[in-house]
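A.B. asks: this is the structure alone, sequence omitted:
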């Protein structure tokens, strides 16, 4: 069953969201390498990566009509909520400080749109697996 929320976004919106999330995954992978395993910053990056992979999978679900929710446990989905909401908050705060039209502002705007597509899907998936 396709998520009703996805009807609010075009296929192009979802494809752009997947590209933005893939870019976030790439940057997070690079950031993770800068920190020693076991320290809090490394753990933060690992949690973000898992959450971004889940977000990507849930958005893909809407494009392919597959059941991505079955791939994740309730705990996986719960654990993904905090990193996604944190990324939204941090991105919103950072974007305010940037001039509109700069590549950084555009990148953050694209990231925010992707995360705002992913968050309700994550919430809905969590609801589905917890029933």
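C.D. replies: Yes, it's here. Worth saying up front: this structure is predicted, and the values here are computed from it rather than measured.

A.B. asks: all contacts plus neighbour counts: C-alpha atoms, from now on.
C.D. replies: Will do.

A.B. asks: which secondary structure element is home to residue 91?
C.D. replies: helix 74-96 (DSSP states H and E).

A.B. asks: hmm, who's touching that helix?
C.D. replies: Contacts with helix 74-96, where a contact means C-alpha atoms under 8 Å, 6 or more residues apart in numbering, come from 47-48, 50-52, 54, 104-105, 108-109, 111-112, 115-116, 119, 122-123, 125-126, 129-130.

A.B. asks: what does stretch 41-61 give?
C.D. replies: Outside of stretch 41-61, the residues within contact range by C-alpha under 8 Å, 6+ apart are 2, 14, 17-18, 21-22, 24-25, 28-29, 31-33, 35-37, 66-69, 77, 79-81, 83-84, 115, 117-119, 121-122.

A.B. asks: and stretch 37-48, how far out from the chain's middle?
C.D. replies: Put simply, stretch 37-48 sits 17 Å off its chain's centre (C-alpha atoms, centre = their mean, to the nearest Å).

A.B. asks: which residue sits closest to residue 104, ignoring its sequence neighbours?
C.D. replies: Nearest residue to residue 104 in three dimensions, chain neighbours excluded: residue 98, at 7.2 Å (C-alpha to C-alpha, 6 or more residues apart in numbering).

A.B. asks: can you count the residues close to that neighbour?
C.D. replies: Neighbours of residue 98 under the rule other C-alpha atoms under 10 Å: 14.

A.B. asks: just the buried members of the contacts of helix 74-96?
C.D. replies: When the contacts of helix 74-96 are checked for burial by 16 or more other C-alpha atoms under 10 Å, the buried set is 47-48, 50-52, 54, 105, 108-109, 111-112, 115, 119, 122, 125-126.
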